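Chemist: 3D, please:
(chains A and B)
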Amino acid sequence: MYSLREIITLGILFMSLYFEMFMLITYFEHRKSLHKLRTTTAPLHPDLPGVTIIVPCFNEETTAVKTIESLLALEYPREKLHIMAINDGSTDGTALALAKYNNHPQIEIIHKENGGKHTVLNMGIARATTPFVGCLDADSYAKPDALVRIMKQFENPTVMAVVPSLHIYKPDTIIQRMQKTEYLIGVFLRSILAELRALYVTPGPFSIFRKSVFEQIGYYRKAHNTEDMEMALRMQSHGLTIASAHDAVIYTSSPRTPKKLYKQRVRWTSGFLHNLRDYRGMLLNRKYSHLGGFVLPMMVISAGSVLFVVATFGYDLVRAIRDYVVHFQAIGYKMFEWSWPSFNWFYLHTSPLVFAGLVAFGLVIAFIAIGMRLSHGNTAKIFDIACYVCLYSVIAPFWIIRSLANVALSKQAVWR
Amino acid sequence: MIKDWKKYGFTFLITAAIFITAIGISSWIDNRRVDEVRTMQDSISLSILSSETQFNLLKSAACDDLFSSELGKELGDMSDRLSYLESAGRGQDPDVITLKQYYSLLEIKDYILINSASQCKNRPVIVLYFYEAKCPDCDKQGDVLTYIRQHYPGNIRVYSFDNDLNVSAIKTLANIYKIKDPLPGLVINNKTYSGFHTIEDIQKIAPGLVATSTATTTKK
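Modeler: Predicted structure coming up:
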């Protein structure tokens, strides 16, 4: 009845639908507490703990100041908030731009030789004297209530790190609008993964840690240029809890063009796969329940599935082109004569893939809607969603395949 | 932990239910397709039987009925649907094979009927087309004939026969007209031509088509 190819495709679709369903069911399990967080306005507590925010600056003369200004505007007791701007050997005017804060009581400015992001973070962590440390990339901006909302999560003494709700800063191009929608899905997924204790990344922009984490499990590593994934995996492998404050909104600058996006994602995806290889002991290990037994294996399988789907799609494309050429050889230019398309249900494509695919698509739309509800009125317009729906599945395979090749050939993806 | 296993199981049940529904809807629609072709087949078979009876009664007068473009169109539509079912991966489905066999026999009956009405004027151009799956030029020839059939519906009747089908009447017909490998093989107005023929070739062989084609285009 079904060909091998259809069976494999159905299998892949089954797994992605299963994953989506699992996320949705977990959402309904925790719906009340997830939405409660959104509606609570956290009052400023007098004895909030001290926090150091490291701002790694590498050739970010235009955005670094804005990042620091957004930190200064945080609703948080001034004497409790220490900002450490670290210039990682920038070759542009970053040093000059930072000079205006030279005598600011809250801000410490450090210049060092270029050594990569993890060296900046480690330097900052080592010098920090507060019980909490975090980082805000010099191209990202915090909403004024972000920090206090994150710190509320630390009232639970078992929480060792908190990730924020990430959004695209002023999406402009189609590529950025696509990412805006993608990030809303990310907000949804991260809040669910946090409930499952299965977060596998503590994003560079504004993830806050207890300083004791680094004393216990060590400082940042180079980690295939994705130190934020390695840190999360290392924390999970030590059983340390990472929570999500999806009500704490951070805006981050995003690649404007497909080419820049491709570079960023090859770095992320290659890094993720490399780190996963380093932490392969966690895969299918019962000790790491949802993360090791479900979420990480699912990521590996879905990356592999892309290969199959792209291969079969390529095959179809070649055949369609061949048919088109044959048709042209047969009737020549007459094939371009205009005729009204006629609709007949008989010729509609109605394989089970279409119906199951429609359900999977509906769930993605539901995730976008929930992501919008969870993240403080950051809504995507229909156009943003259309950009995501039309573009993402077309361009994502490019970086996924490139990353799989990188990992197979053990190649590192560069930062920029 | 037990609660987690329950959740994994529950998710599996829901996902499986969605899949079973999807497969169910899909196969229901597939069966509806076969039903529709079957209905068409009944209607065609009835039309042929009716023309045949009338022809036997009057021996001549029913020329118009015989050449009704309606029947030609129905035969064409049924052929389109059958080839869609084949291209949708149902070529090996016994239901579809039976339908194709039945369709071939209907074509032969209609062909015999039209061919025997030699006294009628305005006879359409009759094309017999023999093809098989493993034949490089057959796709092209099929496209050409589909184009002609759609553009000159009143003046041509195309009967296509799949040589791979196990129907002895097709083999007999192919023998009568000395159809040889390699296919495609064409019989136009009782003359055999083998190999690929373009639209222009066929118009040259059957000039009747050219005249009506200009007539229809000027009408527009």
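Chemist: Am I right that B:Tyr111 sits in a helix?
Modeler: Yes - counting by DSSP: H, G, I helix; E, B strand; the rest coil, B:Tyr111 is part of a helix.
Chemist: what residue is smack in the middle of chain B?
Modeler: Geometric centre of chain B, nearest residue: B:Ser79, 2.4 Å, by Cα atoms, centre = their mean.
Chemist: From chain A, how far out is it?
Modeler: Look at B:Ser79 and chain A: by Cβ to the nearest Cβ, to the nearest Å, they are 13 Å apart. Every C-beta, even on glycine, is put in place using the N, C-alpha and C of the backbone.
Chemist: That residue and B:Ser160 touch, don't they?
Modeler: Yes - contact criterion Cβ atoms under 8 Å: B:Ser79 and B:Ser160 qualify, at 6.2 Å.
Chemist: The lengthiest helix in chain B - contacts with which helices or strands?
Modeler: In chain B, taking DSSP state H as the definition, the longest helix is helix B:2-58. Helix B:2-58 sits against helix A:4-29, helix A:352-374, helix B:63-66, helix B:69-85, helix B:94-116, with contacts defined as 3 or more Cβ pairs under 8 Å, 6 or more residues apart in numbering or on different chains; DSSP states H and E.
Chemist: Now do the longest one: which elements does it pack against?
Modeler: If contacts are counted by 3+ Cβ pairs under 8 Å, 6+ apart, helix A:4-29 sits against helix A:174-195, helix A:296-331, helix A:352-374, helix B:2-58.
Chemist: CSV for the ones you listed, including mean pLDDT, mean neighbour count and distance to A:Tyr219?
Modeler: Output for the helices and strands packed on helix A:4-29, formatted as CSV (pLDDT from 0 to 100; neighbours: other Cβ atoms under 10 Å in any protein chain shown; distance: least, Cβ to Cβ, whole Å):
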stretch, mean pLDDT, mean neighbour count, distance to A:Tyr219
helix A:174-195, 95, 23, 24
helix A:296-331, 90, 14, 24
helix A:352-374, 92, 18, 32
helix B:2-58, 89, 15, 33
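Chemist: list the buried ones in stretch B:126-134?
Modeler: B:126-132 (16 or more other Cβ atoms under 10 Å in any protein chain shown).
Chemist: For that stretch, report the contacting residues that lie outside it.
Modeler: Identification of contacts with stretch B:126-134 by Cβ atoms under 8 Å, 6 or more residues apart in numbering or on different chains yields B:111, B:114-115, B:138, B:141-142, B:145, B:156-164, B:170, B:173-174, B:177, B:179, B:183-190, B:202, B:206.
Chemist: So what's the residue count around A:Asn378?
Modeler: A:Asn378 has 20 neighbouring residues, counting by other Cβ atoms under 10 Å in any protein chain shown.
Chemist: Which of the three states applies to the nearest residue to it once chain neighbours are set aside?
Modeler: Nearest residue to A:Asn378, sequence neighbours excluded (Cβ to Cβ, 6 or more residues apart in numbering or on different chains): A:His167, at 5.2 Å. With three-state DSSP as the basis, A:His167 sits in strand.
Chemist: Any figure for the gap between A:His167 and B:Glu86?
Modeler: To B:Glu86, A:His167 is 51 Å away according to Cβ to Cβ, to the nearest Å.
Chemist: likewise A:Arg5?
Modeler: Going from A:Arg5 to B:Glu86 by Cβ to Cβ gives 17 Å.
Chemist: So between the two, which is more surrounded?
Modeler: Neighbours were counted for A:Arg5 and for B:Glu86 using other Cβ under 10 Å; B:Glu86 has more, 17 against 13.
Chemist: How many residues are close by the nearest residue to B:Lys191 once chain neighbours are set aside?
Modeler: Closest residue to B:Lys191 apart from its sequence neighbours, by Cβ to Cβ, 6+ apart: B:Ile205 at 7.6 Å. Neighbourhood size, B:Ile205 [other Cβ under 10 Å]: 17.
Chemist: Give me the pLDDT for B:Ile205.
Modeler: The model reports B:Ile205 with a pLDDT of 86.
Chemist: Quick one: residues contacting B:Gly154.
Modeler: Under the criterion of Cβ under 8 Å, 6+ apart, the neighbours of B:Gly154 are B:67, B:69, B:72, B:124, B:212.
Chemist: quick one: which of those is nearest to chain A?
Modeler: Closest to chain A out of the contacts of B:Gly154 is B:Thr212 (16.3 Å), distances taken as Cβ to the nearest Cβ.
Chemist: ok so, going back, which one, of the helices and strands packed on helix B:2-58, ends up nearest to A:Val318?
Modeler: Nearest to A:Val318 among the helices and strands packed on helix B:2-58 is helix A:4-29; the distance by Cβ to Cβ comes to 14.5 Å.
Chemist: Tell me the buried residues in that closest one?
Modeler: Of the residues in helix A:4-29, A:9-10, A:12-24, A:26-27 count as buried by neighbour count, 16+ other Cβ under 10 Å.
Chemist: hmm, the helix or strand following it in reach of chain B?
Modeler: Helices and strands here follow DSSP states H and E; after helix A:4-29, the next one along the chain is helix A:31-39. No - residues of helix A:31-39 are not located near chain B by Cβ under 8 Å from any Cβ of the partner chain, the shortest gap being 14.6 Å.
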